[in-house]
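Trainee: coords below, sequence missing:
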């Protein structure tokens, strides 16, 4: 029989046993309405910010698409037609949420995978949900994708609150949810992207593993791996919780360890499909060449990112840059990539600092998962933008929000700065994404 409480939980319950109002002879304990309201305030605050943040990004994207519009992009970047379903004001409200990777997921949901077109780089769970849940919405893949992401975001808010309040307290849990909701890249959590779905599954895996519910944790890990390749990293926190309950002794391994392997089975399922369909079990890896990604050591990736940013900065302040202002930028040039490289590098530095700060303050499962998640993309740099999409990859590394909440707990000014800066960047980057300009 699986344990359902962490060591110490039962002791806490035992300590409170026999301490009700009736046991003290005072009759049923009276409930203080004011105290109850105060206890619920952190949760209400977190929910209000989460809802408000979604309304904000919808409004910003709508205004940007309606007032600025989408520039002259190649037709191939905006296929298939089901990625831009609506017209008029409704199109400005909803169409932006299927940009960039959203186009790929809708294409896969409607037409399936193909060999050699890059589609196999996108893992199957999200487009599968799009396809079959979309039946309920008459095949409207755009609306289906947005609704799936919003529902997964709501579930993620609840699970993040539940997990953090168990390890810390309500105030810290509330602040972690606020930072997630107001993060500069949090608009992806309602786009036709995998971020919300993956975050939901990762948090569910953490919650179940922490409670010792190994089968459910394994299923969540398997589904997360079918969503993104980084899902395999959930094996790390699962193993941490598993052996932590067993005194860190291998001899205490039992049959429940098989549930940990379900995380890897998700990858095997995807590889089996690719082998049967195309004869290429590693097609998801080879497809990365379309984005000019290759295998490299993390130190090489970071060094190249720094060099690319410095070279780009030098060109920006040079006379040559001002001539470029009225010339078309060369594809892959330092000019066109400087802003992206700078943004990526800033996010990388911020993530590393939060990882360092949380190393001795977060539960071990949090820190090890965060370390693995931040290191993983460094093995696959892109040619001209070494840290391509790195800011978006950090979005689902939820321990970073907890570490930031710990840092600002007793620093109200720092908290205000984080919130204001987060909102400003969220507005700017949402607008950029809405007009089909690359963000991450």
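Mentor: On my side now, so go ahead. These numbers come from a predicted model, not from an experiment.
Trainee: for the spatially most central residue of the chain, phi and psi?
Mentor: Centroid-nearest residue in the chain, with CA atoms, centre = their mean: residue 396, separated by 2.3 Å. Backbone torsions for residue 396, taken as degrees, to the nearest 10, come to phi -90, psi 0.
Trainee: surely it touches residue 198?
Mentor: Yes: with contacts counted by CB atoms under 8 Å, residue 396 reaches residue 198, the gap being 5.4 Å. (Each C-beta comes from the backbone N, C-alpha and C, glycine too.)
Trainee: just give the nearest non-adjacent residue to the residue nearest to the centre of the chain, would you?
Mentor: residue 199 (4.5 Å; CB to CB, 6 or more residues apart in numbering).
Trainee: so what's that neighbour up against?
Mentor: The contact partners of residue 199, by CB atoms under 8 Å, 6 or more residues apart in numbering, come to 152, 153, 156, 189, 395, 396, 398.
Trainee: joint contacts of residue 396 and residue 198?
Mentor: Between them, residue 396 and residue 198 share these contacting residues under CB under 8 Å, 6+ apart: residue 230.
Trainee: just to revisit the earlier point, the contacts of residue 199 in helices, which ones?
Mentor: Mapping those onto helices (DSSP state H) picks out 152, 153, 156.
Trainee: and which of these is nearest residue 268?
Mentor: Nearest to residue 268 among those, counting by CB to CB, is residue 152 at 24.3 Å.
Trainee: what's around the closest one, how many residues?
Mentor: 22 (other CB atoms under 10 Å).
Trainee: equivalent analysis for residue 174, please.
Mentor: For residue 174, the neighbour count with other CB under 10 Å is 22.
Trainee: residue 410 now?
Mentor: A count of nearby residues for residue 410, using other CB under 10 Å, gives 8.
Trainee: with residue 208 instead?
Mentor: Counted with other CB under 10 Å, residues neighbouring residue 208 total 22.
Trainee: OK, contacts around the closest residue to it other than its chain neighbours?
Mentor: Closest residue in space to residue 208, ignoring its immediate chain neighbours: residue 217 at 3.8 Å, by CB to CB, 6+ apart. By CB under 8 Å, 6+ apart, residue 217 lies in contact with 204, 205, 208, 209, 238, 259.
Trainee: cutoff 6 Å now
Mentor: Contact partners of residue 217, counting by CB atoms under 6 Å, 6 or more residues apart in numbering, are 205, 208, 209, 238.
Trainee: ok, the last one - contacts?
Mentor: Applying CB under 6 Å, 6+ apart, we find residue 238 in contact with 209, 217, 260.
Trainee: give me the pLDDT for the first one.
Mentor: Okay, so that is residue 209. Looking at residue 209, its pLDDT stands at 97.
Trainee: and what of the one 3 residues further on?
Mentor: The predicted local distance difference test score for residue 212 is 95.
Trainee: that one in helix, strand or coil?
Mentor: coil (DSSP: H, G, I helix; E, B strand; the rest coil).
Trainee: and it, its phi and psi?
Mentor: Residue 212 adopts backbone torsions of phi 80, psi 20, taken as degrees, to the nearest 10.
Trainee: and the ones in helices among the contacts of residue 199, which is closest to residue 359?
Mentor: Once CB to CB is applied, the member of these that ends up nearest residue 359 is residue 156, at 23.9 Å.
Trainee: isn't that closest one right next to residue 200, touching?
Mentor: Yes: Residue 156 lies in contact with residue 200 (CB atoms under 6 Å); the separation is 4.8 Å.
Trainee: for residue 363, give its distance to residue 200.
Mentor: Using CB to CB, to the nearest Å, we find residue 363 at a distance of 20 Å from residue 200.
Trainee: more neighbours, these two?
Mentor: Shown here are residue 363 and residue 200; by other CB under 10 Å, residue 200 has more neighbours (28 against 21).
Trainee: residues touching that one, list them.
Mentor: Shown in contact with residue 200 (CB under 6 Å, 6+ apart): 152, 155, 156.
Trainee: tell me how far it lies from residue 136.
Mentor: Distance from residue 200 to residue 136, by CB to CB: 19 Å.
Trainee: which stretches in the stretch 251-400 of the chain count as helices?
Mentor: Using DSSP state H, counting those that start in this stretch, the helices of the stretch 251-400 of the chain run over residues 257-260, 262-278, 283-286, 298-316, 319-324, 334-358, 364-375, 390-394, 399-408.
Trainee: residue 290: what's it in contact with?
Mentor: residue 118.
Trainee: the one 4 residues further on too?
Mentor: If you count contacts by CB under 6 Å, 6+ apart, residue 294 has none.
Trainee: quick check: pLDDT value at it.
Mentor: 90.
Trainee: how about residue 73?
Mentor: pLDDT for residue 73: 70.
Trainee: tell me how far it lies from residue 435.
Mentor: 10 Å.
Trainee: looking at the two, which is more packed in?
Mentor: The neighbour comparison of residue 73 against residue 435 (other CB under 10 Å) goes to residue 435, with 17 against 12.
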